[in-house]
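**Q** Got a predicted structure here, sequence first:
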Amino acid sequence: MRIRKLSEGTINRIAAGEVLERPASAVKELVENAIDAGATQIDVVFRGGGKSLIRVTDNGIGMVPEDMLLALERHATSKLSDDELINISTLGFRGEALPSIASVSRFALTSHAEGSDEAHALEGAAGVFSQPAPARLAKGTEIEVRDLFYATPARLKFLKSDRSETTEAVDVIRRLALAHPGIGFTFASEDRQWLNAPQGEKQHARIARILGQEFITNAHLVSHAGEDIRIEGYASLPTYARGNAMQQFAFVNGRPVRDKLVSGAIRGAYADVLPPGRYPSVVLFIDCAPTRVDVNVHPAKTEVRFRDPSLVRSLIVSAIKRVLTGMEIKPDTAKTFAAASAFSQNWSPSPAATQAAFAMQMPLEGLSEEAAQTPLTDYPLGIARAQIHDTYIVAQTSAGFILVDQHAAHERIVYERLKAERAGQGIVTQPLLVPQVVELDPAALAGVLAIETDLAALGLKIESFGENAILLREVPAALAQANIAALLKAVADDALESDQSEGVQARINHLLATMACHYSVRAGRKLRVDEMNALLREMEHTPNAGQCNHGRPTFIALEMKDIERLFGRA
């Protein structure tokens, strides 16, 4: 067969296959055009999962009739003043979206150019258009896309249910609404209005609207800069984690992106406080000079490439870690709500019992006179009042009470202590008067010997001893009272299961976490009141003390208003 030039219609349909993966892609392109046109209000109507109708209406600067026709030609754009692609400040720039959408749908474009006396409209199907004619539209532009992909029926077969496609489109609008809080957005389908975000919102209010007030309550402000790159946004408490990354939003110069470097940096920042399979909630705005980032990586423009990726990654990790380290110790409000719900569902005391419960005071045996006289406001985590099942500490605070998991709390304290020692002068070690022989199975022995250097850096000095044993000569002084043989076996098991592709620092921290977990106060150990209070005071001065090394909460809290509500007093 001889080589021939493809028709313009075929070329446009091929291009549409790259730009338009699904109806949400069309929504994204049309709304980004509206943003670039200076719109302050953008309204989206979605029917039949986007296959029946997508209508986007904006109050931007609009287009004159000649530009309306030109905009429907491939690679025609108003967004590049020259042919350079290194200084792009708009969301769109490729000049592919409108002709791609119009080539696979029944298309209508109405626009009223700023300063013009009247609006004009044109219609088309599969890339063939009428001439613009006078129409009615007060301001801006309205685009209707009907029967999307009717000209490429194979694409229709790969679309998901109408509900799934609508959800994807809503997510697109949510991300753009987060990136541009000053713009008003609405999104409506046949069954409901999914979003109604007013114009002129502050960033804080827009984030609360999109992600919910609970996210704001369980997150801290991120603000960090290096060279000419600025990182801002919110990062959640480690305990406010989810089973997927759906609540992670990243924006580069106002552009929503799904970038592996950014998501990897977020994962790295939380690696020390979250286990695999748990994802924090994060909103990050990355602002830099346009020349620092290449947005011309993929037709969908959701991926970017930074000129200095290591710097950007370092800034993101530093920004989030600084927040995590400096976070005041506070409980996850979702856990607090769950605790209050559990009480209310399972306990309904009589009025007489209610009065007795409020009158009762826990005995304070073992509490020092100084501690008893100190105002509760001086202690963020309060004063210990009791221990339940030799596992949980009950402490009274100025606002209510907290329930502490003694093992989880001590685990974090020991872990952070070991990390601080290692970062300072090195982990303090204690030689054993009598070196200890620890027998291991061949696989565990090989695993431990393979990380002998790492263990030495952590204060565990070992050497091979016969065929199935090692000799332990030194241990970290902080763990001197631990069952060292059991600790070493736990480290051996961990060495066999750990991911050896992790970086050195990640492996070291993983080993430290294993050591801290094995040494910490176990559930089932009875504590004196002074031991409980010592634990609370250490928690107050320990970074990341709100969660253990596995990401679980170390304590939950109930305020007096929650308690009084349980008893019908509020």
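**A** Here it is on my side, so go on. All figures in this text were calculated on a predicted structure; none of them were measured in a lab.
**Q** Identify each buried residue in stretch 391-409, please.
**A** Neighbour counts over stretch 391-409 (16 or more other CB atoms under 10 Å) mark 391-397, 399-409 as buried. Placement of C-beta: from N, CA and C, glycine included.
**Q** Span of that stretch from start to end?
**A** Its start and end residues considered, stretch 391-409 measures 11 Å (CA to CA, to the nearest Å).
**Q** got the contact list for the helix or strand harbouring R230?
**A** Following DSSP states H and E, the helix or strand that holds R230 is strand 229-236. Residues outside strand 229-236 that contact it (CB atoms under 8 Å, 6 or more residues apart in numbering): 207, 215-216, 218-225, 269, 280-288, 292, 311-312, 315-316, 319-320, 323-324.
**Q** before we move on, what about stretch 52-60?
**A** Outside of stretch 52-60, the residues within contact range by CB under 8 Å, 6+ apart are 23, 26-27, 30-31, 34, 37-47, 139-148.
**Q** Which of those fall within helices?
**A** Applying DSSP state H to the contacts of stretch 52-60, the entries found in helices are 23, 26-27, 30-31, 34.
**Q** Show me the shaky parts of the stretch 251-400 of the chain.
**A** Along the stretch 251-400 of the chain, segments meeting pLDDT under 70 span 296-301, 327-376.
**Q** My error: substitute the chain in the last question.
**A** Where the chain drops to pLDDT under 70, the residues are 1-19, 75-90, 92-95, 296-301, 327-376, 494-505, 507, 522-523, 570.
**Q** For A384, give me its contacts.
**A** 367, 393-395, 529, 532-533, 536.
**Q** what bridges to it?
**A** Beta bridges link A384 to A395, judged by DSSP bridges.
**Q** Adding distance to Q203 and neighbour count, write the ones in helices among the contacts of stretch 52-60 out as JSON lines.
**A** Formatted as JSON lines, these follow (distance: CB to CB, whole Å; neighbours: other CB atoms under 10 Å):
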{"residue": "P23", "distance to Q203": "28", "neighbour count": "27"}
{"residue": "A26", "distance to Q203": "27", "neighbour count": "27"}
{"residue": "V27", "distance to Q203": "23", "neighbour count": "25"}
{"residue": "L30", "distance to Q203": "24", "neighbour count": "23"}
{"residue": "V31", "distance to Q203": "19", "neighbour count": "26"}
{"residue": "A34", "distance to Q203": "20", "neighbour count": "28"}
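**Q** wait, which of the residues you listed is closest to G127?
**A** Comparing those against G127 with CB to CB places A26 closest, at 14.8 Å.
**Q** Is it correct that R537 falls within a strand?
**A** No - looking at R537 with DSSP: H, G, I helix; E, B strand; the rest coil, it is helix, so not inside a strand.
**Q** out of everything not next to it in sequence, what's closest to it?
**A** Y379 (7.5 Å; CB to CB, 6 or more residues apart in numbering).
**Q** For T239, which three-state class applies?
**A** Strictly by three-state DSSP, T239 counts as coil.
**Q** Report how many residues lie close to it.
**A** When neighbours are defined as other CB atoms under 10 Å, T239 has 26 of them.
**Q** and it, how far is that from L72?
**A** Here T239 is placed at a distance of 51 Å from L72 (CB to CB, to the nearest Å).
**Q** Buried residues of stretch 222-229, list them for me.
**A** 222, 224, 229.
**Q** what do you get for stretch 467-478?
**A** 470, 472, 474-476, 478.
**Q** how about I143, what does it touch?
**A** 30, 55-57, 107-110.
**Q** Tell me what it is bridged to.
**A** V56, L109.
**Q** Looks like A108 contacts A121 (just checking).
**A** Yes - A108 lies in contact with A121 (CB atoms under 8 Å); the separation is 6.7 Å.
**Q** what about L512, helix or strand, and which?
**A** helix 504-519.
**Q** Sorry, wrong one. I was asking about L433.
**A** Assigned by DSSP H and E, L433 falls in strand 429-439.
**Q** same deal with H120?
**A** Secondary structure from DSSP H and E places H120 in strand 119-125.
**Q** Helices - which of the buried residues of stretch 391-409 land there?
**A** 406-409.
**Q** Kindly indicate which of these lies nearest R155.
**A** The closest of those, once distances to R155 are taken by CB to CB, is A408, at 50.5 Å.
**Q** what's near enough to touch that closest one?
**A** 547-548, 552-554.
**Q** let's see 10 Å
**A** Contacts for A408 (CB atoms under 10 Å, 6 or more residues apart in numbering) come out as 517, 520-521, 523, 545-550, 552-555.
**Q** Name the nearest residue to it, sequence neighbours excluded.
**A** Counting by CB to CB, 6+ apart, the residue nearest A408 is C548, at 3.7 Å.
**Q** Correct me if wrong: that neighbour contacts A409.
**A** Yes - using CB atoms under 10 Å, C548 is in contact with A409, at 7.4 Å.
**Q** Sweet, I'm off.
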